[in-house]
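Q: This is a predicted model, with the sequence first.
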Amino acid sequence: MKWSSLVLHELTQRKKRLFASLCVIVLAVAVVVAIYNISIYSEKAVSRELDALGANILILPMETTVSDYYKADLHVQELPEEYVTLLTTSNLEGLDNLSPKFSIPTKIGDQDVTLTGILPKNEFQGKASWQGAGIFSRPKVCGSVNDIFGLNEKAPKETLVRKRVIETLEKDEVLVGADVARKLHLQTDQEIAMLDKAFKVVAVLPQTGTVDDSRVFAHLHTVQDMAGKGAVVNAIEVIGCCEQVMKGLVAKLNHLLPEAQVVTIAQVIDTQIKANQLMKHLSLLFLVIMTLVAGAGIANDMYYNVNERKKEIGILIALGATPQSVLKLFIYKALFLGLIGGVLGFVMGSLIAAIAGPFIAGIPVLPIPFLLVGVLLITPLAAAAASYFPARYASKVDPSVSLQEI
Amino acid sequence: MIKADKLSKSYEKNGKQITVIDSFSLRIPAGDFLTIVGPSGSGKSTLLLMLGGMLTPSRGRIEIENDSLYDLTIEQRAQLRQKKIGFVFQTFHLVPYLTALQNVQLPLMLTGHSAEEQRIKAEHLLERVGLKDRMGHHPSELSVGQQQRVALARMLANDPAIILADEPTGNLDPETAGEVIDFLFELNQENRTIVLVTHDHKIANKAKRTVSLSSGG
């Protein structure tokens, strides 16, 4: 027999006590896991919405103003496309998405349209020199929405331009803005011609209320070829992690690209920072409150357990147990309860989150396996910490009182 | 050899000082069988607790084989109890959620014996007290006589030289009580020192020596 088996015998022989002790931990962990799980998904959903606001950093040619940019990028100055490579191979943290753009005026039939070249995501990943150091291999933090499992799977191609990330776009394919589509009665799979080149409409974009509605999007390199200006872009839109923006990402970009101007879109940045901070503070607040409530519950339960086992503690001391070993007995028990309670609490919390999440946050919520690692590390330690004072109290039990007949 | 020199024990209750033992001295040579008799409240159990290192005297000194018991640290005193002292209680004090075998294994676990050593020795001791077929029983499944025999086996686990027994027959029927006393005499024959608190003068008369405590120390 070992101390750990003594703990197990006590727990398994007193099933009602075990159930009562576990209930405290399981419920506390379940609530924390459920809230945390839902808040993580909510945070991502908020980020997703914020992401849809568009880029928060613009890289423009020196002579170009932000106002020019909002006039559909139709400005004279250009940047070399090579800047995109510089950014993706740099070690700058917080570049969540890059979207180089190059626009030219053209016509479809008699209708004036702006043809904008964009670079699909597969082009970034396809370039060997960008692998490993590329932005898409970096850990994603705020502003990043690409890892919301269950949310992105059915993301329609129509929404991808607004989010500045599109997976694939062939050289002869275009995405058409809502206004253009309406005026020209364009539909998906329809063939159109621009500057004597044939394109297939792969999607009609939903109304956005922005200049995007009057644009036609094609592959960047196709538009560059049509313009005959070589590998240039008008602007590089950047979705920067707002935390990194606060830590001086703009200055670092300026240093990296001294021939370009780097401007932030203050309104977008402010909204992102405030929303992210609010979500983080709320999650932390719930975590602290529930940890304290659970800790108090565990401590109370352990005090009760020590009081009902005073005679047994007296026996152990009479048999030669040291105060340290009595302390160890209760700490082992707390660790064990924390471990089992943590696992059960994780399962229950994940179920609650999955069921309640769609009602509370309006988003699908799935279990986050990584939370289990945190639960397995934190819960036994928190249970042991909460049990420390009851265990110390146990180690100081006076055997002459608990074994009264001696 | 156990030496108690000018032992005193006082408690404070409701603002009053209550002296249970007052300047009590005693020599118990190795292999002695000493009974302690006296009325309730005379300090018999208190004396036994002090001799077992579980209650610090208000004044005085106790030596066990030249170790001054209360000059040792709590840990050293616990180790001394593990190796040299065995307790027997009136109400047995078995751990209710452990089987007879596991109860006997408990002191062996405290002294760091391996699981296999614990099992072999505990089985042997339970055989010695006639409980070979009750090893897997919990205390609640045993008669009071059987429970006391488990307690005796547990007390012997670490082969103690000193046995402190507090009215071990108080809850037993005369026949079982006789068996327990006979067993204690058998242990005394093995040169173990027995200190037995009892109300029973017949038992006291069988001992090698008797100390009588009077009420109020």
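A: Sure thing, it's come through. Worth saying up front: this structure is predicted, and the values here are computed from it rather than measured.
Q: From here on, just use CA atoms for contacts and neighbour counts.
A: OK.
Q: and B:Met109, what does it touch?
A: For B:Met109, the contact set (C-alpha atoms under 8 Å, 6 or more residues apart in numbering or on different chains) comprises A:Met1, A:Lys2, A:Trp3, B:Ala115, B:Gln118.
Q: one more time with 10 Å
A: With contact set as C-alpha atoms under 10 Å, 6 or more residues apart in numbering or on different chains, B:Met109 has these partners: A:Met1, A:Lys2, A:Trp3, A:Leu6, A:Ala321, B:Gln102, B:Ala115, B:Glu117, B:Gln118, B:Ala157.
Q: Could you look up the SS state of it?
A: helix (DSSP: H, G, I helix; E, B strand; the rest coil).
Q: so where's chain A uncertain?
A: Applying pLDDT under 70 to chain A picks out residues A:47-55, A:71-76, A:122-166, A:242-246, A:266-269, A:271-272, A:405-406.
Q: Residues of it that sit close to chain B?
A: Applying C-alpha under 10 Å from any C-alpha of the partner chain, one finds that chain A approaches chain B through A:1-3, A:6, A:9-14, A:309, A:311-325, A:398-401, A:403-406.
Q: Which residue is the nearest non-sequential neighbour of residue 180?
A: Chain wasn't specified; assuming chain A. Nearest residue to A:Val180 in three dimensions, chain neighbours excluded: A:Ser214, at 5.3 Å (C-alpha to C-alpha, 6 or more residues apart in numbering or on different chains).
Q: that's the wrong chain, I meant chain B
A: Nearest non-adjacent residue to B:Val180, counting by C-alpha to C-alpha, 6+ apart: B:Thr169, 7.1 Å away.
Q: doesn't B:Leu184 make contact with the one you found?
A: No - the criterion here is C-alpha atoms under 10 Å, and B:Thr169 misses it with B:Leu184 at 11.1 Å.
Q: okay, those two: which has more neighbours?
A: Per other C-alpha atoms under 10 Å in any protein chain shown, whichever of B:Thr169 and B:Leu184 has more neighbours is B:Thr169, with 26 against 22.
Q: quick one: contacts for that one?
A: With contact set as C-alpha under 10 Å, 6+ apart, B:Thr169 has these partners: B:88-92, B:145, B:148, B:175-181, B:198-200.
Q: Tell me which of the residues you listed fall in helices.
A: Under the assignment DSSP state H, the contacts of B:Thr169 contribute B:Gly145, B:Gln148, B:Glu175, B:Thr176, B:Ala177, B:Gly178, B:Glu179, B:Val180, B:Ile181 to helices.
Q: Count the residues that sit near the third one.
A: It stands for B:Glu175. Quick note: B:Glu175 (other C-alpha under 10 Å) scores 10 neighbours.
Q: go on, the second one?
A: The local packing of B:Gln148 (other C-alpha under 10 Å) involves 28 other residues.
Q: Repeat that for the first one.
A: By other C-alpha under 10 Å, the residues close to B:Gly145 number 19.
Q: Distance of it relative to A:Thr88?
A: According to C-alpha to C-alpha, to the nearest Å, B:Gly145 and A:Thr88 sit 83 Å apart.
Q: picking that back up, just checking, the residue nearest to A:Val180 touches A:Thr106?
A: No - assessed by C-alpha under 10 Å, A:Ser214 is found out of contact with A:Thr106, at 11.6 Å.
Q: Helices of the stretch 101-250 of chain A, residue ranges please.
A: For the stretch 101-250 of chain A, the helices defined by DSSP state H, counting those that start in this stretch cover A:121-126, A:178-184, A:220-227, A:242-246, A:249-256.
Q: Those into JSON lines, with extra columns for distance to B:Gly31 and mean neighbour count?
A: Listed next are the helices of the stretch 101-250 of chain A as JSON lines, based on distance: least, C-alpha to C-alpha, whole Å; neighbours: other C-alpha atoms under 10 Å in any protein chain shown:
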{"stretch": "helix A:121-126", "distance to B:Gly31": "88", "mean neighbour count": "15"}
{"stretch": "helix A:178-184", "distance to B:Gly31": "105", "mean neighbour count": "18"}
{"stretch": "helix A:220-227", "distance to B:Gly31": "102", "mean neighbour count": "18"}
{"stretch": "helix A:242-246", "distance to B:Gly31": "79", "mean neighbour count": "18"}
{"stretch": "helix A:249-256", "distance to B:Gly31": "85", "mean neighbour count": "16"}
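Q: which residues do A:Ser214 and A:Thr106 both contact?
A: Contact with both A:Ser214 and A:Thr106 is made by residues A:Asp112, A:Val113, A:Thr114, A:Leu115, according to C-alpha under 10 Å, 6+ apart.
Q: which residues does the third one form a beta bridge with?
A: Beta-bridge pairing for A:Thr114 (DSSP bridges): A:Pro105, A:Arg215.
Q: contacting residues around it?
A: With contact set as C-alpha under 10 Å, 6+ apart, A:Thr114 has these partners: A:72-74, A:103-108, A:177, A:180, A:211-217.
Q: mind listing the strands for chain B?
A: Assigned by DSSP state E, the strands in chain B fall at B:2-13, B:16-28, B:33-37, B:59-64, B:67-68, B:85-88, B:162-166, B:193-197, B:209-212.
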